[in-house]
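>>> need coordinates for the following:
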Amino acid sequence: DADATGVVPTWVAASGGNTTITCGDYKVHVFTGPGTLCVSCAGNPAGSDIVEYAVVAGGGASGGYGSSGGCYQGGGGGGAGGFRSYTALTPASPINAPAGLTVSASPYPVTVGGGGAPAVCNTNTGASGSNSVFSTITSAGGGGGGGKNSPCNGSGANGGSGGGGRGSMCCQTVSTGGTGNTPSVSPVQGKDGGSGGKGPPNQVGGGAGGGAVTAGVDISPVTQNYGASG
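Model (predicted):
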C-alpha cells in the first residue's frame, strides 16, 4: 500500500552468494568465495533502500620459527583480517559503521580474501592475508606474524589487524607487533599485534596477532613466556 505521500514502498531485492538465508524481514547473502551480488531492485525510503554488510578479510599467517647458532626463535601470531560492518541490530557497537550502503539495480562484484600462506621453518614474516571487497567497502588482509630474522628484529606486518612480533631466546630487545587498521578507516577495522620477547630463563614468546576489537597481548622480554590471542 502507498504511504501518506502516495509512494508505494519497495525493498531492496537481490540474488547471489554461496548461501542465502531468509530470517523474518531479512535476506542474507553469504559469499565464501568470489561472486556477484545482483541487485534487481534498489528499493526506496518508504520501504528500504540500504543494505547491511559484514566484510571480513583473510587473516595473516604465523611467522616462521627456527634456530641459528643455538638461538631459538619463535614466530608471532598472524593478525586477523580486517572486519568492517554495519547492522541496524547493534547501533551502539563501537565497530559498527554509522550507516548502511545505498545500492542501484546493478551487479556488485564481491571479492573474498584468503588467508596468508603459512611460513615454513627458518623463514621470516608470515604472509599477510588478502583483502575482501564489496561496493565501496574494502577490508584489509591481516598482517603476517614476525619470524626468524637477524640479528634481533622480526616485527609483525601491518594490516587489517597487525601480526605479532617474534620472540628470540638470545635477544632481550622487543620485536614489535604490526599496526592494525592499516590502511586507516573509521570505525577501525582491527587492532595492533603484540610484541614478542624472551621469558625466563630461556623460553621464547611470540606476540599474539591483533583481533577486530582487541589488541594482541605483548610478551615481556623478562617476565612472560607466552602470548594470548587478540
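
>>> just to check, Gly78 is in contact with Gly116?
Yes: applying Cβ atoms under 8 Å as the test, Gly78 and Gly116 come out as touching, 6.2 Å apart. To be clear about C-beta, it is placed using only N, CA and C from the backbone, and glycine gets the same treatment.

>>> which residues do the two both contact?
Gly59, Gly60, Ala61, Gly126, Gly129, Gly142, Gly144 (Cβ atoms under 8 Å, 6 or more residues apart in numbering).

>>> how many residues are close by the residue nearest to the last one when sequence neighbours are not counted?
I take that to be Gly144. Excluding its sequence neighbours, the residue lying closest to Gly144 (Cβ to Cβ, 6 or more residues apart in numbering) is Gly126, at 3.5 Å. By other Cβ atoms under 10 Å, the residues close to Gly126 number 35.

>>> pretty sure Gly126 sits against Gly163.
Yes: using Cβ under 8 Å, Gly126 makes contact with Gly163 at a distance of 6.7 Å.

>>> any common contacting residues for those two?
Gly60, Gly63, Gly76, Gly78, Gly144, Gly145, Ala157.

>>> can you flag the buried ones in those residues?
Gly60, Gly63, Gly76, Gly78, Gly144, Gly145, Ala157 (16 or more other Cβ atoms under 10 Å).

>>> of those, just say which sits nearest to Gly100.
Gly60 (28.5 Å; Cβ to Cβ).

>>> so that closest one touches Ser128, yeah?
Yes: between Gly60 and Ser128 there is a contact under Cβ under 8 Å: 4.8 Å.
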